[in-house]
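> what follows is a predicted structure for the sequence shown.
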Amino acid sequence: MKRIFSISILAVLSCNFLQAQNKQILYDFNEIPQSLMVNPGVESDFKWYTGIPMISGISGYAGSNGVSVNDIFAEDGLDINDKVRNRMVYGMGRRDEFSVNVQLEILNIGFRSGNPNLFYSGGAYLEFDNITYWPRDYAQLIFDGNADQLNRRFNLGDLKTRGSLVAVYHLGVNKKVDNSLTIGARGKLYSGIVDYNSTRNSGYLVNTEGQNNILNTTLNADLQLRTSGFGQLDEASDNGTTGNTLIKRALFGGDLGLGVDLGFSYRLNEQTVFTASVLDLGFIYHSGDTQNYSLNGIASSEGIQINVLRELSNLNRDYWQDLVDEIEELVPFEENNSAYLTFRPTKVNASLRYDFGAPKGSAEDCDCTTDPSGGNSPRIAYRNSVGGHLFLINRPRGPQAAITGFYMRRLGNILAVKATYTADKFSYTNLGFGLNLQAGPINLYAIADNLLSYRNMAASNYASFQLGLNIISWDRK
Amino acid sequence: MIVLRKIGLLFVGLVLLFSCSDKQDFGQYDDLTITPTFETSIFYVKTQESIINRVTGISFFTQDFNFDAFEEDIFAERVLEGSITYELENTTSKEIEITIEFLNENGDVLDTEFFQMDAAPTALLTRVVAYGGADKSLDILRNTSQVRLSARNLGDNTSTSNLPDPAIELRSIAKFTVRVK
């Protein structure tokens, strides 16, 4: 118990050191092949590329908008009990969250077809995703109990969490329709390894004045936890075959699902581009190794009640056990193995970019250059870009948004850098920086987020990094 | 390739190198205590005056009830202190005595609470019995398996109170602090 609690607290708080599902720096950074993963309709000009397996794309995200490690563990002379009580138990609301997302690319390749306007890409990656909202009333009940809180309803709906570990296999196509429009789509096959979710909870616990006894305690519960994959992993852990089981479930031996990414880039004029994408529009069907738990019903109790006149002939019965049985019957805790469906956390991106400045890699006497990707209708590539980006993600308590302003600079054909400012529920001071280095056929990118937080990382509510290594064709299409 | 890999590592290293953090003390976690206090009703007994009048002799009611609530591990292993509050109401025409005994599995008496009330009209009798610390031992509750309730009629067997639904009612709530961490 102590260990589980310790791990939970530390895991939740240490989330602050990682980074997010919002890949605002990577988005529309079309020098990086992985930008196709956040918009399959990005304007790409690669002839081919291949990511270095396992290191072509590593990204992680975690955020906590309500509390940071520093808030609780800073060596500030304050009593940790006061800090937890004031900053978490009574300082956080039910919309505050702890979320984590980690992606590890296993394989990512792309190549241009015989038709130079078509570019195909595909690969596989592992994704772990979790979001847990702060269970405010549960926390207050656990810290202070229900004593002296007559008529206070502890909201059992405060429990909202979901998470999954999924292997994703994808195949995408990117098509340049004309000089203005590029569209793309990516089909995804999900192979669910583990999943847990408890998002449709409601009910309350309350003490009211009793009719006969002093207090009446009412439990009105509609709670559900659905899990998949843990049974096989438990068994594998006992047998020492965890690795094999993970691989088997990652290779379509677990839960299966389908999804799609869609996106486009549209040039409003020579220098202005509007892009948008929707990612992970899909579902996973969980079956085979599901274990679901529920607590559903309403029970009120004023304790053991004995009305001697009414029960004169039955006073020897076991009142305590009858009370326990009655409550368990009214609010049964049940388990089942029913299959269930989950929808992926769908993301939406949109950006508006304005290109300007001196030409990129051209001696032409203008502030522009012709991009060789244009084929018969060459596009113009500028050295500088500035714009805005909007990100939305579907969450159990409704969509969350982030808005970003960015500036991008291309330094020759070797280096491109991008700086961003992002505002979202985690931070209003999120400055990010991305760097893409093209050394011959080798492409290296590195992205870091919420840079100001590095002044005191423990106090950060959000930070991120992405790294990757690719081999890209010398010549473009 | 190796050079570029090193560049990547260098990037991460530089980020970490130039990042700072206030000094953290994760050992504080050991000082965190979570000790909520819960309360709920435990038992209610109502004996009507008509029942009392039917029984000849002083003792009109004695009954042992199974009561395992305090023996449950979740309570017995974590309880720190607390109290049981009794409310006794007498609307009958008789002076009465109530005895509550806490018994262990073998039927041995661990503790006794005694109440005496005059005939109606009389005020509500409220008593808070504290357990833990300098008060009564929590072991009384931890080892309680049964509760014996006894009632004695110190009045007559014929009179009837003119109050509505005359009866003796015993109400009780338990309020205990437990250690979660």
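On my side now, so go ahead.

> quick check, the residue in chain B closest to chain A?
Per CB to the nearest CB, B:Pro36 is where chain B lies closest to chain A, at 3.3 Å. (Each C-beta comes from the backbone N, C-alpha and C, glycine too.)

> roughly how far apart are that residue and B:Val79?
11 Å (CB to CB, to the nearest Å).

> what's the overlap in contacts for these two?
Common contact partners of B:Pro36 and B:Val79 (CB atoms under 8 Å, 6 or more residues apart in numbering or on different chains): B:177-178.

> low pLDDT regions in the chain?
Since you didn't name a chain, this refers to chain A. For chain A, the stretches flagged by pLDDT under 70 are A:1-20, A:358-380, A:457, A:462-464, A:474-477.

> try again with chain B
Using pLDDT under 70, chain B drops low at B:1-21.

> ranges for the helices of it?
Using DSSP state H, the helices found in chain B span residues B:2-18, B:49-54, B:73-76, B:138-142.

> list the contacts of the residue nearest to A:Lys347 when sequence neighbours are not counted.
Once flanking residues are discounted, A:Lys347 sits nearest to A:Leu279: 4.3 Å by CB to CB, 6 or more residues apart in numbering or on different chains. Neighbour list for A:Leu279: A:38, A:261, A:346-349 [criterion: CB under 8 Å, 6+ apart].

> from those, which is closest to A:Arg200?
A:Thr346 (18.1 Å; CB to CB).

> so how far is A:Lys83 from that closest one?
Here A:Thr346 is placed at a distance of 37 Å from A:Lys83 (CB to CB).

> likewise for A:Glu311?
Counting by CB to CB - A:Glu311 and A:Lys83 are separated by 52 Å.

> okay, the two: which has more neighbours?
More crowded of A:Glu311 and A:Lys83, by other CB atoms under 10 Å in any protein chain shown: A:Lys83, with 19 against 13.

> columns distance to A:Leu219 on top of the contacts of A:Leu279, output as a markdown table?
Formatted as a markdown table, the contacts of A:Leu279 follow (distance: CB to CB, whole Å):
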| residue | distance to A:Leu219 |
| --- | --- |
| A:Val38 | 45 |
| A:Asp261 | 44 |
| A:Thr346 | 35 |
| A:Lys347 | 38 |
| A:Val348 | 40 |
| A:Asn349 | 44 |
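
> pick out the most distant pair among those.
Taking CB to CB, no two of the contacts of A:Leu279 sit farther apart than A:Val38 and A:Thr346, at 13.1 Å.

> which residues touch stretch A:130-138?
Contacting residues not belonging to stretch A:130-138 are listed as A:12, A:66, A:88, A:92-101, A:154-156, A:158-164, A:345, A:395-397 [CB under 8 Å, 6+ apart].

> out of these, which end up buried?
Buried members of the contacts of stretch A:130-138, counted by 16 or more other CB atoms under 10 Å in any protein chain shown: A:12, A:66, A:88, A:92, A:94-101, A:154-156, A:158-164, A:345, A:395-396.

> tell me the spacing between whichever residue of chain A sits closest to chain B and A:Lys425.
Using CB to the nearest CB, A:Gly145 is the residue of chain A that sits closest to chain B, at 3.3 Å. According to CB to CB, A:Gly145 and A:Lys425 sit 31 Å apart.

> settle it for me: which of those two has more neighbours?
When A:Gly145 and A:Lys425 are compared for neighbours, A:Gly145 comes out ahead with 19 against 16, by other CB under 10 Å.

> any idea how far the closest residue to B:Asp139 other than its chain neighbours is from A:Leu431?
For B:Asp139, ignoring the flanking residues on the chain, the nearest one in space by CB to CB, 6+ apart is B:Leu110 at 7.9 Å. From B:Leu110 across to A:Leu431, the span is 67 Å (CB to CB).

> then A:Phe252?
As defined by CB to CB, A:Phe252 lies at a distance of 42 Å from A:Leu431.

> what does A:Tyr49 give?
In terms of CB to CB, A:Tyr49 sits 29 Å off from A:Leu431.

> who's more crowded, the two?
Legend: neighbour count by other CB under 10 Å for A:Tyr49 and A:Leu431, higher for A:Tyr49 (24 against 15).

> the more buried one against A:Tyr445, yeah?
No - counting by CB atoms under 8 Å, A:Tyr49 sits too far from A:Tyr445 to count as a contact (11.9 Å).

> shared neighbours of these two, anything?
A:Asn470.

> what's around the residue nearest to B:Asp139, how many residues?
Using other CB under 10 Å, B:Leu110 has 18 neighbouring residues.

> residue contacts, the closest residue to B:Lys23 other than its chain neighbours?
Sequence neighbours aside, A:Glu75 is the residue nearest to B:Lys23 in space, at 4.6 Å (criterion: CB to CB, 6+ apart). Shown in contact with A:Glu75 (CB under 8 Å, 6+ apart): B:22-25.

> also A:Tyr293?
Contact partners of A:Tyr293, counting by CB under 8 Å, 6+ apart, are A:224-225, A:227, A:333-335.

> A:Leu107 now?
Taking CB under 8 Å, 6+ apart, one finds A:51, A:53, A:56, A:123-124 in contact with A:Leu107.

> also B:Arg54?
For B:Arg54, the contacting residues are B:Asn157, by CB under 8 Å, 6+ apart.

> roughly how far does it sit from B:Ala167?
Taken as CB to CB, the span from B:Arg54 to B:Ala167 is 13 Å.

> if you skip the residues just before and after it, what's nearest to A:Arg87?
A:Asp71 (4.9 Å).

> how about the secondary structure of that neighbour?
On the three-state scheme (DSSP: H, G, I helix; E, B strand; the rest coil), A:Asp71 is labelled helix.

> that one: neighbouring residues, count only.
A count of neighbours around A:Asp71, defined by other CB under 10 Å, yields 21.

> next: A:Asp238.
Neighbours of A:Asp238 using other CB under 10 Å come to 9.

> in a strand, it, correct?
No - checked against three-state DSSP, A:Asp238 lies outside a strand; its state is helix.

> now for it: which residues touch it?
Contacts for A:Asp238 (CB under 8 Å, 6+ apart) come out as none.
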